[in-house]
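*Asks:* have a look at this prediction, sequence included:
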Amino acid sequence: MRNSITLLEERFGPGKEAITARAPGRVNLIGEHTDYNGGYVLPFAIDRETVVTMRPRKDRIIRAYAAAFDETFEASLPLDIPNPTGSWSDYLIGILLEMQTRASLPFGFDADITGDVPLGAGLSSSASLEVALTLSLSYLYNIKLEDLELIKLCQRAENRFVGTQSGIMDQFVSLLARDRSALLLDTTSLKHRYIPLPLQGLKLLIVDSAVRRSLSKSAYNDRRRECQEALQLFRKSTPKREIRSLSDLSLDDLRRARDTIPKTLMMRAQHVIEENIRVLETVNALEHEDLTTVGKLLFASHASLRTLFQVSTKELDYLVDWGRNHGALGARLVGGGFGGVTLHLVPQDLVAKYTQNITIAYQEAFGLNATTIEVRPSPGAKELESR
Ligand code: GLA
């Protein structure tokens, strides 16, 4: 990547001194569709990041160039509330609208946005953009934001303006991840702790299905609504107990409610409850350096996302099944689903052959090019900043 300050000057000419903020994308090891259900997640940040370089202007104009789209967004502050357009600039607008409610933004800026997180693939390019933007704006305007405040501001921008009802996992890990570790987050208490990832000769391989589906489109929000509906019904059926989220339920609760709750909603709830158990089992297996068990739990998570939560696709299933038959210890879809990437836990000495053969097989099966990248559990924006 070229020096981002040089890029900013090449694009907008010389100006005041610039600041830079970086934030990584993430892979969720396990704990999918649990973060908006009060459950556990176990993501790690990856060695791919979004870089935002910004410098102040004398007037109130803002100009932001996004290299990935070769597009410049221009507006002036204070920002009116426009309609979202579905483009990358929705994230910038969403963040600015949230920042405006927090503090006054008395001058404009020029910004350059670059990065190497694959876009819309399930690796949280959007959360990395939100976190990098918010950090750079907080430096530029000298606004002090506590970690959790920053994370929630980013999540609100995405929920309110961009229109995806996403949970808190992606922004949390993009800011607070630690090198060589996964982050266990309890999304009810928001307590977290770091779990070292001992890879012991295994590699974390991302295989991209090349099928894209924007999260803000209906499917993700549909699942969120179904979980909400299931929760209301469980609350009605047990009025004496406080049920804060689906994660407060047990498998016994589920069995008891068998006849009163529609089957689809039961399937969603079952996924959430069992996925929470799998997250804790994964933590336990990692603490015992038992990666064989971790691998099995990844396969089990995928199976549940396919059959109970129904967010997989035939392409994602193919990649995961291929992995099972060709030496992966574990594999599963990552992120919201309906396309995007799969994670594979593969012995190091198999990686070259695995990468080559899965690409050929996928091309034959679907006529699509499955790109693979190896990822490393990496520092979050905060640790990057302090280095
Ligand atoms: C997306 C959302 C996250 C989470 C995952 C599914 O990545 O942004 O908050 O809900 O989907 O686990």
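*Replies:* Thanks, I have it.
*Asks:* flag every residue of the stretch 51-200 of the chain that's near the ligand.
*Replies:* 166-167, 169-170 (Cβ under 6 Å from any ligand atom). No exception for glycine: its C-beta is placed from N, CA and C like everyone else's.
*Asks:* closest residue of the stretch 201-350 of the chain to the ligand?
*Replies:* In the stretch 201-350 of the chain, no residue comes nearer to the ligand than residue 336, which is 3.6 Å away by Cβ to the nearest ligand atom.
*Asks:* quick one: residues contacting that residue.
*Replies:* 33, 122, 166, 215, 219-220, 311 (Cβ atoms under 8 Å, 6 or more residues apart in numbering).
*Asks:* what pLDDT is listed against it?
*Replies:* Per-residue confidence at residue 336 stands at 93 (pLDDT).
*Asks:* element containing it, please.
*Replies:* Using DSSP states H and E, residue 336 is not contained in any helix or strand.
*Asks:* show me where the chain has its strands.
*Replies:* 19-28, 40-41, 43-56, 61-66, 71-76, 109-115, 181-186, 192-196, 202-208, 330-333, 341-347, 372-375 (DSSP state E).
*Asks:* closest to residue 274 out of those strands?
*Replies:* strand 40-41 (11.7 Å; Cβ to Cβ).
*Asks:* who touches that closest one?
*Replies:* For strand 40-41, using Cβ under 8 Å, 6+ apart, the contacting residues are 28, 30-32, 34-35, 167, 169, 184-187, 247, 276, 279-280.
*Asks:* likewise for stretch 278-291?
*Replies:* 29-31, 34, 39-42, 182, 184, 195-200, 202, 293-294, 297, 300-301, 329, 345.
*Asks:* nearest spatial neighbour of the residue of the stretch 1-150 of the chain found nearest the ligand, skipping sequence neighbours?
*Replies:* The ligand sits closest to residue 32 of the stretch 1-150 of the chain, with a gap of 4.0 Å, by Cβ to the nearest ligand atom. Leaving out its chain neighbours, the residue that sits closest to residue 32 by Cβ to Cβ, 6 or more residues apart in numbering is residue 305, at 5.8 Å.
*Asks:* tell me where this structure has helices.
*Replies:* Ranges of helices within the chain are 4-12, 89-102, 125-140, 147-156, 169-176, 218-237, 251-256, 263-287, 291-307, 314-325, 351-366, 381-385, based on DSSP state H.
*Asks:* need those helices in TSV (columns: distance to residue 109).
*Replies:* Compiled in TSV, the helices of the chain are given as follows (distance: least, Cβ to Cβ, whole Å):
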stretch	distance to residue 109
helix 4-12	10
helix 89-102	10
helix 125-140	6
helix 147-156	18
helix 169-176	21
helix 218-237	31
helix 251-256	51
helix 263-287	40
helix 291-307	41
helix 314-325	40
helix 351-366	41
helix 381-385	19
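*Asks:* and for residue 291, the neighbour number?
*Replies:* 20 (other Cβ atoms under 10 Å).
*Asks:* ugh, wrong one, I meant residue 295
*Replies:* If we define neighbours as other Cβ under 10 Å, then residue 295 has 23 of them.
*Asks:* hmm, it is touching residue 324, no?
*Replies:* No: Residue 295 is beyond contact range of residue 324, at 9.5 Å (criterion: Cβ atoms under 8 Å).
*Asks:* just the mean pLDDT for stretch 234-250, thanks.
*Replies:* For stretch 234-250, the per-residue pLDDT averages 94.
*Asks:* buried ones in that stretch?
*Replies:* Within stretch 234-250, the residues that count as buried by 16 or more other Cβ atoms under 10 Å are 234, 243, 245-249.
*Asks:* out of those, give me the two with the largest separation.
*Replies:* Going by Cβ to Cβ, the pair spanning the buried residues of stretch 234-250 furthest: 234 and 247, at 11.4 Å.
*Asks:* before we move on, back to that, contacting residues for the residue of the stretch 1-150 of the chain closest to the ligand?
*Replies:* 41, 275, 301, 305, 309, 311, 332-335, 337.
*Asks:* same thing but at 10 Å, please
*Replies:* Residues near residue 32 by Cβ atoms under 10 Å, 6 or more residues apart in numbering: 39, 41-43, 122, 169, 271-272, 275, 278-279, 301-302, 304-305, 309, 311, 332-337.
*Asks:* around the ligand, which positions in the stretch 251-387 of the chain sit nearby?
*Replies:* Residues of the stretch 251-387 of the chain lying near the ligand (Cβ under 6 Å from any ligand atom): 335-336.
*Asks:* one step back: adding distance to residue 19 as columns, could you present the contacts of residue 336 in JSON lines?
*Replies:* Converted to JSON lines, these look like this (distance: Cβ to Cβ, whole Å):
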{"residue": "33", "distance to residue 19": "36"}
{"residue": "122", "distance to residue 19": "30"}
{"residue": "166", "distance to residue 19": "27"}
{"residue": "215", "distance to residue 19": "29"}
{"residue": "219", "distance to residue 19": "38"}
{"residue": "220", "distance to residue 19": "33"}
{"residue": "311", "distance to residue 19": "38"}
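*Asks:* brilliant, that's me finished.
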